[in-house]
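Q: let's see this in three dimensions:
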Amino acid sequence: MPSLNPAVAEVRRAVRAALTGLPEGAVVIVGLSGGADSLALAAAVGFEAPKLGLRAASVTVDHGLQPDSAEVAARAARAAARLGLDPLVVRVEVGADGGPEAAARGARYRVLRDAARDARAAALLVAHTLDDQAETVLLGLARGSGAGSLQGMAAASDLDGVPLLRPLLDVRRATTRAACAAQGLEPWDDPHNEDARFTRVRVRERVLPVLEAELGPGIAEALARTAAQLREDAEAFDEMIDETIEDIVEHAEAGIAVSVAALAANPPALRHRIIRHVVASEFHASLTRTQTLEVARLVTDWTGQGPIDLPGCRARRIGAMIEFTGAEAGTGARFPASDREL
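A: Reported below is the predicted structural model:
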């Protein structure tokens, strides 16, 4: 028998590792655009899922943003059926919030989430590759978005209660295309992926090639390694916060209070994470770096300054505590919500 194509084998190994351990008889859903990455993923899931006793389906989202979008979606569904997946096509209306790219992504993930919930799927699989990870890290670095963005995408995460898996984060985009070619699959090339109006396209087509040419090969892999290392660091910090938080916070009227002494005793990196964690968990809001540092000044450089208005809440120092309470407009120092975490 002819040997298995190396690209096909690599994609199948990655998918097998992601699916192993899911309960027998469970449903897994592939987000299928019809592009090379998702098509290679669907082919691997169609091969591996039955061997593990899993049922596989695909969901293709027709965003309606191009004249032939319905045919593209139908072609992806036909390919899924040939690969052994139960196909579903969903047409959505894409708004304009956050720009066309963000709006389309938001609509797509809502459809995928709802389909996974309806099917009671054990996992939703999407086809982000190592190249996508590298682009995400580089964009986060350029925007000064902090360690959270530099962690990139997780191989396993949660989408509003739905397990979200990214089996191909260690697989190059060239490998998925080679896997499609080896299996006689014809991927769809999204014209948006060549549209230089989009920042991610410019990073992919211009910035990364220049870095590779000037600094040598392996830039994408190095960026992906950076993401993995930062994610490990973040998990360690999160564990430290979980162990610490209950001992240093107490309930306050309409909010929560944190011990000044305990915050002061921690190094800045942990102090800032505790502040952000408190605001995120209690008020479901994210702080920029400038906002975080101003709250930290209530601990390290307090000269009697008044309360600080933050997204969703206010922070003020009362004696030996930093108190966070529900926001009251116009009562404290304000900082722009668009500030970047540097």
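
Q: residue nearest the centroid of the chain?
A: Centroid-nearest residue in the chain: residue 153, 4.4 Å away (criterion: CA atoms, centre = their mean).

Q: pLDDT value on it, please?
A: On the pLDDT scale, residue 153 is placed at 93.

Q: wait, it touches residue 137, no?
A: No - counting by CB atoms under 8 Å, residue 153 stays clear of residue 137, with 9.3 Å between them. Heads up, the C-betas are built off the backbone N, CA and C, glycines and all.

Q: could you pull out the residues contacting both of these two?
A: Counting by CB atoms under 8 Å, 6 or more residues apart in numbering, the contacts common to residue 153 and residue 137 are residue 227.

Q: any idea how far the longest strand along the chain is from the chain center?
A: Counting by DSSP state E, the longest strand found in the chain is strand 55-62. On the basis of CA atoms, centre = their mean, to the nearest Å, strand 55-62 sits 20 Å off its chain's mean C-alpha point.

Q: quick one, phi psi at the residue nearest to the centre of the chain?
A: Here is the backbone geometry of residue 153 (degrees, to the nearest 10): phi -100, psi 140.

Q: what about it, distance to residue 63?
A: Per CB to CB, to the nearest Å, residue 153 is found 21 Å from residue 63.

Q: number of nearby residues for residue 24?
A: Other residues near residue 24 come to 7 when the count uses other CB atoms under 10 Å.

Q: against residue 26, how distant is the residue lying closest to it once chain neighbours are set aside?
A: Computed as CB to CB, 6 or more residues apart in numbering, the closest residue to residue 24 that is not its neighbour in sequence is residue 53, at 3.7 Å. Distance, residue 53 to residue 26, by CB to CB: 8 Å.

Q: these two: which has the busier surroundings?
A: Neighbour comparison, residue 53 and residue 26: the larger count goes to residue 26, with 17 against 12 (by other CB under 10 Å).

Q: so that one touches residue 122, yeah?
A: Yes - between residue 26 and residue 122 there is a contact under CB under 8 Å: 3.6 Å.

Q: overlap in contacts, the two.
A: residue 54.

Q: residues of the least confident helix or strand in the chain by mean pLDDT that come out buried?
A: Ranked by mean pLDDT, DSSP states H and E, the weakest helix or strand in the chain is helix 147-150, scoring a mean of 74. For helix 147-150, the buried set under the neighbour-count rule, 16 or more other CB atoms under 10 Å, comprises 149, 150.
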